[in-house]
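In: 3D model of this:
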Amino acid sequence: MARRHRLAPMSTEYPNRTRGAQPERPPLVFRTAIHVVLAAILMSCLVVALVQTLPRQNEPETSYGYARVTDARLRSPAPADWLMYRRTYDGWGYSPLDQITARNVADLAPAWIFPTGVRDGTPQAAPIVNGNTMFVTTAEQVIALEADTGTLLWRYERSLPPDLVRPHPTNRGVALYDDKVYVGTLDAHVVALRATTGEVVWDRAVEDYRLTYYITLAPLVANGKVMVGTSGGEHGIRGSITALDALTGDEVWRRHTIPAPGEPGGDTWDGDSWRTGGGSVWLTGNYDPALNLTYWGVGNGGPWTGDARPGDNLYTNSTIALDADTGELRGHYQYHWNGSWDWDEASPPLLLNVDRGGRTTPALVHAGRNGYLWLLERSAGGMRFLDAHRFVHQNVFAGLDPLSGRPMYDDARVPGIGKRADFCPSTGGARNWPPEAYNPVTGLLYISAHNNRCGVMEGVAVSYRPGRAFVGVKQSWYRREGTNHLDELQAWNVHTGQRIWIREFPFDEEVGLEPLGAVLATAGDLVFLGGTDLRAFHASSGEPLWDIRPRYHRATGTPTSYAVDGVQYVAVPFQGLDEGKPGGEASVPGLDLHEDIVVAFALDCQC
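Out: I've put the predicted structure just below:
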């Protein structure tokens, strides 16, 4: 049985608006003409989507029409739902839905478009879907929508302090538990909202925003605890991960990523450098329910050059394993010591089982900003190095210790105070915040990679002043001579350690540097990639199958996939760009088409 979709009407007001104490702003009015325009900028036609249907899933017990999110649902989500940042605790970013396939993805078209009405930062959020309710964030807002129509349900707007510094104005999404929605804020709070209304249930400060602590990640919820990490490593913070009680917001535990003297790892810092050592945690951790361990990536040290803070500087540029109930440190692995290149290893490792030599090993897989793909064994006792493979051009490591994986450095590639060094990759790293994805059917890991971007850096002496930048470098970047591209989508077989395919994106001198985005894998033998366009590739071969880019927009958000009433959707936030920026199909003159939007795609277009 087929179901016909049309572009959903856009709301003319904000129902159930929940906000802070700031003055009320007049509502935005969207006319029917803009519906047509926004559809035109995506497909050059008014879209009427003819969609297929999937078998309906058993729905969990609901309250006021909203399905409460339980520990059981988080551990084993229904195929139709996307309940957390990467959908599952293992961090795979994989949807088991297979209505949209490599055979029919060319017929993918917008089912609905929602203008957020704000441009308060870079949209990087993953749309989170529970039943027919979608939650998506901007830098300062949480927006609840009907997942099948894009109709606005409610909007929460954060009232931020007037003296707030905003180094990275973004937010990567929410967490769900019971009947609540949890969000971290740019003023370093965690807020719990009622999922059905947006009403504030509780609001807790995690750190002091006046010291330039802030939160950009989507919280992780496990065993009734809401866990968040803090950003601010470029401003001399001491990073931490905090667990709050999901019901009350009370602090349960806190773990600093930079140990104090007398704590394990405290002897890897010189003098008082640990107090301002950095170690931000700005991406959502993953969780192993069997071991009850959460795994978090930790960023670089501060200032940026290692000679300003002698020692290995644990636990910067590391993965740490924490007991979910107590915050106790159960293990760590440092990918590079005393880092000097701004290579945050903030991305958490994916949890999967790897087959090597006839043996199945519980593993952690981490595509590092330092340009190596790391494989570690995970256990209740911690983690152990297995192997690592270079996945982009990297000229800093002279080699790796075969037993521990500890890198040896080419000293000429290590910048310092008054010492200029040239190195690859640049401070942008071999990858940035956009998450990779893993498909358990193909056995392939898909990495959004930066290659051929190299950097030049020289350290300068800097003194710590609260709330001020604490970086201490002069730097620039360049494209490696003889290369014609900067970005790649790579597919790696994690069982054999071999790269299976690579898709290169040629560098456009007129366009300049543009972002490559987050990755989504699906059971339809597809890989979706954000960035400039939203693209789809064949998961097994890397063949390009579909792409779309609105005029004056780019797909900066994290794509997710879900289903409502048997219809599969792929949703992603797009950032609106200023006039003159590159874009896709033509727009209509005289209308403001540059605002941020959320778009849900479904099968198929009848233009």
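In: For residue 573, name its beta-bridge partners.
Out: residue 598 (DSSP bridges).
In: shouldn't it be in contact with residue 596?
Out: Yes: counting by Cβ atoms under 8 Å, residue 573 does reach residue 596; the two are 6.5 Å apart. Every residue, glycine included, has its C-beta placed from N, CA and C.
In: Next, show the common contact partners of these two.
Out: 116, 123 (Cβ atoms under 8 Å, 6 or more residues apart in numbering).
In: quick one: which of these two has more around it?
Out: residue 573 (28 against 24; other Cβ atoms under 10 Å).
In: do you know how far that one is from residue 229?
Out: In this view, residue 573 and residue 229 are 22 Å apart by Cβ to Cβ, to the nearest Å.
In: ok, now residue 568?
Out: 32 Å.
In: So for those two, which residue has more residues nearby?
Out: Using other Cβ under 10 Å as the criterion, residue 568 and residue 229 rank with residue 229 on top: 30 against 26.
In: Tell me the spacing between the more buried one and residue 298.
Out: On the measure of Cβ to Cβ, residue 229 and residue 298 end up 8 Å apart.
In: Give me the common contacts of those two.
Out: 239, 257, 280-281.
In: quick one, strands of the stretch 151-300 of the chain?
Out: 152-157, 175-177, 180-184, 189-194, 200-205, 220-222, 225-229, 240-245, 251-256, 286-288, 293-297 (DSSP state E, counting those that start in this stretch).
In: Repeat that for the stretch 401-550 of the chain.
Out: Going by DSSP E, counting those that start in this stretch, the stretch 401-550 of the chain shows strands at 407-409, 420-423, 437-439, 444-450, 453-459, 473-479, 485-493, 498-506, 519-522, 526-529, 534-538, 544-548.
In: how about JSON lines for the ones you listed, with distance to residue 577 and mean pLDDT added?
Out: Output for the strands of the stretch 401-550 of the chain, formatted as JSON lines (distance: least, Cβ to Cβ, whole Å; pLDDT from 0 to 100):
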{"stretch": "strand 407-409", "distance to residue 577": "39", "mean pLDDT": "98"}
{"stretch": "strand 420-423", "distance to residue 577": "31", "mean pLDDT": "98"}
{"stretch": "strand 437-439", "distance to residue 577": "26", "mean pLDDT": "98"}
{"stretch": "strand 444-450", "distance to residue 577": "20", "mean pLDDT": "97"}
{"stretch": "strand 453-459", "distance to residue 577": "22", "mean pLDDT": "97"}
{"stretch": "strand 473-479", "distance to residue 577": "22", "mean pLDDT": "95"}
{"stretch": "strand 485-493", "distance to residue 577": "18", "mean pLDDT": "96"}
{"stretch": "strand 498-506", "distance to residue 577": "18", "mean pLDDT": "96"}
{"stretch": "strand 519-522", "distance to residue 577": "22", "mean pLDDT": "98"}
{"stretch": "strand 526-529", "distance to residue 577": "19", "mean pLDDT": "98"}
{"stretch": "strand 534-538", "distance to residue 577": "15", "mean pLDDT": "97"}
{"stretch": "strand 544-548", "distance to residue 577": "15", "mean pLDDT": "96"}
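In: now the ones you listed as CSV including mean neighbour count and distance to residue 197?
Out: Rendered in CSV, the data for the strands of the stretch 401-550 of the chain read as follows (neighbours: other Cβ atoms under 10 Å; distance: least, Cβ to Cβ, whole Å):
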stretch, mean neighbour count, distance to residue 197
strand 407-409, 16, 51
strand 420-423, 17, 51
strand 437-439, 24, 33
strand 444-450, 24, 36
strand 453-459, 21, 45
strand 473-479, 15, 46
strand 485-493, 21, 40
strand 498-506, 15, 43
strand 519-522, 27, 30
strand 526-529, 27, 32
strand 534-538, 24, 32
strand 544-548, 18, 34
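In: for those, which one sits closest to residue 210?
Out: strand 473-479 (24.4 Å; Cβ to Cβ).
In: Compute the distance between residue 546 and residue 100, please.
Out: 10 Å.
In: Any chance you could list residues touching both of those two?
Out: Residues touching both residue 546 and residue 100 by Cβ under 8 Å, 6+ apart: residue 108.
In: mind showing which ranges of the stretch 151-300 of the chain have poor pLDDT?
Out: Within the stretch 151-300 of the chain, no range satisfies pLDDT under 70.
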